[in-house]
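# model this:
(4 chains)
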Number of protein chains: 4
Amino acid sequence: MAFHSFLPKTYYRALGSFDPVLSVDDGDTIATTTVCAAGRDSTDTEITPPGNPMTGPFYVRGAKPGDTLAVHFDSVCPNRPYGWSRTALAPNVLDPEFVALTGKSAGPEFGRWLVDPDAGTARLVDPVDTAIGSFSVPIAPMVGCFGVAPPAPEAVSTATSGPHGGNMDYRRLTAGVTVYFPVTVPGALFFIGDGHARQGDGEINGTGIEISLDVQFRLSLVPGLRICWPWVDTDDRICTIGNARPLDQALQHATTEMYRRLQQSCGMDPVAASIFMGHHAIYEVGNVFDPAYTMVCSVPKVALPV
Amino acid sequence: MAFHSFLPKTYYRALGSFDPVLSVDDGDTIATTTVCAAGRDSTDTEITPPGNPMTGPFYVRGAKPGDTLAVHFDSVCPNRPYGWSRTALAPNVLDPEFVALTGKSAGPEFGRWLVDPDAGTARLVDPVDTAIGSFSVPIAPMVGCFGVAPPAPEAVSTATSGPHGGNMDYRRLTAGVTVYFPVTVPGALFFIGDGHARQGDGEINGTGIEISLDVQFRLSLVPGLRICWPWVDTDDRICTIGNARPLDQALQHATTEMYRRLQQSCGMDPVAASIFMGHHAIYEVGNVFDPAYTMVCSVPKVALPV
Amino acid sequence: MAFHSFLPKTYYRALGSFDPVLSVDDGDTIATTTVCAAGRDSTDTEITPPGNPMTGPFYVRGAKPGDTLAVHFDSVCPNRPYGWSRTALAPNVLDPEFVALTGKSAGPEFGRWLVDPDAGTARLVDPVDTAIGSFSVPIAPMVGCFGVAPPAPEAVSTATSGPHGGNMDYRRLTAGVTVYFPVTVPGALFFIGDGHARQGDGEINGTGIEISLDVQFRLSLVPGLRICWPWVDTDDRICTIGNARPLDQALQHATTEMYRRLQQSCGMDPVAASIFMGHHAIYEVGNVFDPAYTMVCSVPKVALPV
Amino acid sequence: MAFHSFLPKTYYRALGSFDPVLSVDDGDTIATTTVCAAGRDSTDTEITPPGNPMTGPFYVRGAKPGDTLAVHFDSVCPNRPYGWSRTALAPNVLDPEFVALTGKSAGPEFGRWLVDPDAGTARLVDPVDTAIGSFSVPIAPMVGCFGVAPPAPEAVSTATSGPHGGNMDYRRLTAGVTVYFPVTVPGALFFIGDGHARQGDGEINGTGIEISLDVQFRLSLVPGLRICWPWVDTDDRICTIGNARPLDQALQHATTEMYRRLQQSCGMDPVAASIFMGHHAIYEVGNVFDPAYTMVCSVPKVALPV
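Residues are numbered from 1 along each chain as shown, chains lettered A, B, ... in the order given. Purely as a prediction, here's the structure:
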């Protein structure tokens, strides 16, 4: 259960079986940094080409296909005072006829934010002349894109997501949360990047407030636990994540996986799991912007049988 | 602002331009009852054929196409101690290959619940031999299907939903909430029915705990307010509802309508409304079972400009 | 097997249980006219409000729920020399980001066509200054919207379609073809309208060349044949039609119905029907513009077992 | 314009920037072989793991990002007398409720076919006891999966498809046809495999008649032609291909690309292209089984302006 402080030098814009940047043991903790989606670091300097560049991959010794990798986030903190975002609603979340009538937004394509982690706020500084005047929001830092390598020889773009995780852009994936991924290659190969200071459901501007991060997380193995889609544990809920288009299919993946999870890990039979979900399931939208959308199915821990 | 206590004698299984059962004035309050989805009343007797039979229509004097009808729920209370539900997950919310492998659930098709409004609980009494043992849930009564007549001569089945409302099966539509519908025929013609003692997100069993209700609501007009999809006001949020398949299109309708609502009613310009939604929007799934799915977009009132 | 020459005086913009305009016997033939989608007749005069006004309903004596109504088209002929169309591609058939970039088409919203049934051509006369110069197409007259009443008390808008038929906008539904609909109300109640002089797959301009028609068709019953979705017989194929959104669901309906049809009417078992369809199925897109899209599944008659 | 006879020794199950197996010049012709989807060669021996193993990649000297690679198929011939297929309809092409009721097909999972290229037929030899008796079909050999490398460092599974081509499973992609792909990496890196002796629209059994092939094709460059999705030229049509889920999005990609193609290569302005497509477009379904579905939009060459 060692602690590794890791300074990244290379970045990947796909999750795949690339050479590991660090090998760690089951249970080790890593503290590192991530650049923002545009490849800019804590000094706001572009040090690698844009497109969700990833820190990693981290090789977990002993991880093998058929295991599950648990990632517990100790901390997720913006490490610079500037964030950026897009400003228009993504055309794919609006009615097509409405988009044809209104066309491309007249406003500037990008916004710039002053992020104050101590005050816990982000203030829009450009454009400032919007009809909402000075626009400030509480920050809620999160990690947009992270996960493990898909089966070799695949290497999946950090623009999208799948059973291996990736660009899920779900706002609850942050400090205090544990996320589980199915291991499909030796070492699991964990990647992380694409921090947001804040984002609403759906990432419907096409970005959150994009920012570089200091992150600290613990990587541990659940040998022999076979999952099909990412699982999440929060303080009060257990969740399953489906990544696909359309949203209907993402919902099918998340629902099917929760149905399996309740039987696999909570001792329910199919009838019990069905009824339980019918009365306790909650759905949340991760993103509806990326090539694969993200739907989360969760149930409250308090309702689970002891 | 009269008060009407109304005892229904006829029920409709479509929302359309049928003869009104009662005419009321703008601002009047109505107390009435609804049968459950199976047409069973407070004595658990089938008094009308099943299929979401509606109480109404109620004619609001002065309502005309181009106006908006506001429905404020004062109370929504189960009026009998028995509820029923389906017990399996709807096949359309699961992965098709998974459904093919597992087939039709082995369990009983229907469950029976003992509902105790005073204790605020519903207990599953049949089947009882599930692996979760005695299964009890807090009740959260809601109205599954309500709305106004669509444009004449259409009459839309109570199985589905649309701009006029209908079978939205969204669990937050209950006492304390105000729902707004676009008026398309003289008198608006309001219908209501399909009570649930409780339902998770998505109505993924294909039912909630189906029950008959005592309901009390106030009908008032917002002359000249043109809305395209239902609006909702809760204690702490303003919402817009989209009803369509696939879920992606329901989300487009809800998102577009919130974008319009923020400009129409909250003084935002397009850029401000886009950025505001990008950082404050929350999505909730009403149902993913009915012919049209229901997606809700909301923003917190506290974040709105004063 | 009488012949009825019928001159319509009223038109409906929904398919529902309205009073019949004519009652006929099983096997009778009807010759009548339809106005175009804009309610304009053979003299190009608007005689009824626009929105796919229907001629009918025709009551077929003896038809009862559980039967099937067969409609055989003897002839489908434009009865005026003018047609109209929209000129832009519908935004919903284009990539959303592309629509946002290009916005609403700069061209005129509507086009006007000179239709010459004898020459078998339609020539675009307004706008004429397009980069394709004088634009002429062979005509291929078809009926866009027709079908039977849905279950009472529903009345479904002529903008959309369903198991009862309706606005399918499939270009092969024309003279020589037999279309089958499930009867759900006494008398079946057949409606017809929305003629097109020509239309490509998908009705992607949002219209065909809209025109009024002289039509002649025979209505006959198949007692006790229970179908779920429309069937079609052409010279060389048997087809099934699914109407829904998204296109994926329309395809599921059409495919499931063909699977049932091959077992029900062609003596195949499930394995045979599956393999047969896997190697012979052909899909065609009716419309991808209306609220419900239309997908057609067909197999060649020549491949069917004798 | 050299001719290369190439014998593959390695196979990839992803399209990516792997080491080329052969470098050729613009205009060169290659004759080679492909194993079937199960990795079995002309002797029906499994020589590489299953999962659409690809022959290639072939490096085309001079190809650079921003160019287009044209692949002209001279011949596509099964090189063994045995084919295999799945026998059930894929659950995702059927109504979910129908799948739940009927469950997994009772028949054998796989079928075996005797393929006679000289006679031009394939005969099902196992199972033989289906209700269609001896089942024989004309062969129509085609290539299921082929294309170029996606942008590095991505490597996309041969299970799916995208702008780079891949597992499109469209039955008209065969001898005599030219297919165009956007080049995104130096050398283009062309891959080919997954032959079918025959397949209906949609690949709705989840396979065609899977077989190994002798293929001969010419690779040539169109420098500076920027396309977004694959283009196809057949004897009588020009086509564009969209690959995505849902089918609606695949159709949007194909339609948008045809709209661009007609403006880019056929001298039409937006209005002309819109009207032309509205009256001439034909849609065909490639596959509706793979992770990304394939929709083809085509127009007849004879209708194009000279």
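# Now the most far-flung residue of chain A relative to its centre: closest residue in space, sequence neighbours ignored.
Within chain A, the residue lying farthest from the chain centre (C-alpha atoms, centre = their mean) is residue A:101, at 33.6 Å. Leaving aside its chain neighbours, residue A:101 sits nearest to residue C:104 (6.0 Å; criterion: C-beta to C-beta, 6 or more residues apart in numbering or on different chains). To be clear about C-beta, it is placed using only N, CA and C from the backbone, and glycine gets the same treatment.
# got the contact list for the nearest residue to residue A:185 once chain neighbours are set aside?
Among residues not flanking residue A:185 along the chain, residue A:149 sits closest, at 4.8 Å (C-beta to C-beta, 6+ apart). Applying C-beta atoms under 8 Å, 6 or more residues apart in numbering or on different chains to residue A:149 gives the contacts A:15, A:16, A:17, A:18, A:57, A:155, A:164, A:184, A:185, A:188, A:189, A:191.
# how close does residue A:288 get to residue A:86?
Note on residue A:288: its distance to residue A:86, by C-beta to C-beta, to the nearest Å, is 14 Å.
# Give me every residue in the stretch 101-250 of chain A lying close to chain C.
Within the stretch 101-250 of chain A, the positions near chain C by C-beta under 8 Å from any C-beta of the partner chain are A:101, A:102, A:103, A:104, A:246.
# Most neighbours of all those, which one?
For these, the largest neighbour count, defined by other C-beta atoms under 10 Å in any protein chain shown, is 25 neighbours, found at residue A:246.
# Now, the residues of the stretch 101-250 of chain A next to chain C that are in helices?
Judged by DSSP state H, helices contain the following of those: A:101, A:102.
# Can you tell me what sits against the helix or strand in which residue A:283 is found?
If you go by DSSP states H and E, residue A:283 is part of strand A:282-285. For strand A:282-285, the external contacting residues (C-beta under 8 Å, 6+ apart) are A:170, A:172, A:201-202, A:237, A:247, A:251, A:254, A:293-300, B:200-202, B:251, B:283-285.
# 7 Å instead, please
Residues outside strand A:282-285 that contact it (C-beta atoms under 7 Å, 6 or more residues apart in numbering or on different chains) are A:201, A:202, A:251, A:295, A:296, A:297, A:298, B:201, B:202, B:283, B:285.
# pLDDT score assigned to the third one?
According to the per-residue confidence, residue A:251 scores 98 in pLDDT.
# Am I right that it is in contact with residue A:242?
Yes - between residue A:251 and residue A:242 there is a contact at 6.3 Å, judged by C-beta atoms under 7 Å.
# Looking only at neighbour counts, state which of the two leads.
Each of residue A:251 and residue A:242 has its neighbours counted (other C-beta under 10 Å); residue A:242 has more, 31 against 28.
# I'd like to know how many residues surround the residue nearest to that one when sequence neighbours are not counted.
Among residues not flanking residue A:242 along the chain, residue A:253 sits closest, at 2.9 Å (C-beta to C-beta, 6+ apart). When neighbours are counted by other C-beta under 10 Å, residue A:253 registers 26.
# Three-state assignment for residue A:253, please.
Three-state call for residue A:253 (DSSP: H, G, I helix; E, B strand; the rest coil): helix.
# Please verify my assumption that it contacts residue B:95.
Yes - assessed by C-beta under 7 Å, residue A:253 is found in contact with residue B:95 at 6.4 Å.
# rewinding a little: highest neighbour count among the contacts of strand A:282-285?
residue A:297 (33 neighbours).
# any idea how far residue A:71 lies from chain C?
Noted for residue A:71: a distance of 33 Å to chain C, by C-beta to the nearest C-beta, to the nearest Å.
# Doesn't that residue belong to a helix?
No - the assignment for residue A:71, made by three-state DSSP, is strand rather than a helix.
# For it, name its beta-bridge partners.
residue A:179, residue A:219 (DSSP bridges).
# gap between the residue in the stretch 201-306 of chain A that chain D sits nearest to and chain B?
Proximity to chain D, evaluated over the stretch 201-306 of chain A using C-beta to the nearest C-beta, is greatest for residue A:246 at 4.7 Å. As judged by C-beta to the nearest C-beta, residue A:246 and chain B stand 5 Å apart.
# now do residue A:92
8 Å.
# again with residue A:28
With the distance defined as C-beta to the nearest C-beta, residue A:28 ends up 35 Å from chain B.
# residues of stretch A:159-170 that come out buried?
Applying a neighbour-count criterion of 16 or more other C-beta atoms under 10 Å in any protein chain shown, one finds A:159, A:160, A:161, A:162, A:163, A:164, A:165, A:166, A:167, A:168, A:169, A:170 buried in stretch A:159-170.
# Could you list which of these also contact chain B?
Among those, not one lies near chain B by C-beta under 7 Å from any C-beta of the partner chain.
# Restricted to helices, list the contacts of strand A:282-285.
Going by DSSP H, the helices hold residue A:251 from the contacts of strand A:282-285.
# and of the contacts of strand A:282-285, the nearest to residue A:259?
Using C-beta to C-beta, residue A:297 is the member of these that lies nearest residue A:259, at 8.9 Å.
# still on that earlier bit, let me have the residues of the stretch 101-250 of chain A next to chain C in TSV, extended by distance to residue B:304 and pLDDT.
What follows is these, written out as TSV (distance: C-beta to C-beta, whole Å; pLDDT from 0 to 100):
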residue	distance to residue B:304	pLDDT
A:101	26	93
A:102	22	90
A:103	27	81
A:104	26	75
A:246	31	98
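# so which of the residues of the stretch 101-250 of chain A next to chain C comes closest to chain B?
Minimum distance to chain B across those is 4.7 Å, recorded for residue A:246 (C-beta to the nearest C-beta).
# What separation is there between the closest one and residue C:123?
Remark: distance between residue A:246 and residue C:123 (C-beta to C-beta) = 41 Å.
# hey, what's the residue of chain A found nearest chain D bridged with?
As assessed by C-beta to the nearest C-beta, chain D sits closest to residue A:155 within chain A, at 4.3 Å. Judged by DSSP bridges, the bridge partners of residue A:155 are residue A:16, residue D:155.
# quick one, helices of the stretch 201-306 of chain A?
Ranges of helices in the stretch 201-306 of chain A, per DSSP state H, counting those that start in this stretch, are A:247-265, A:270-280.
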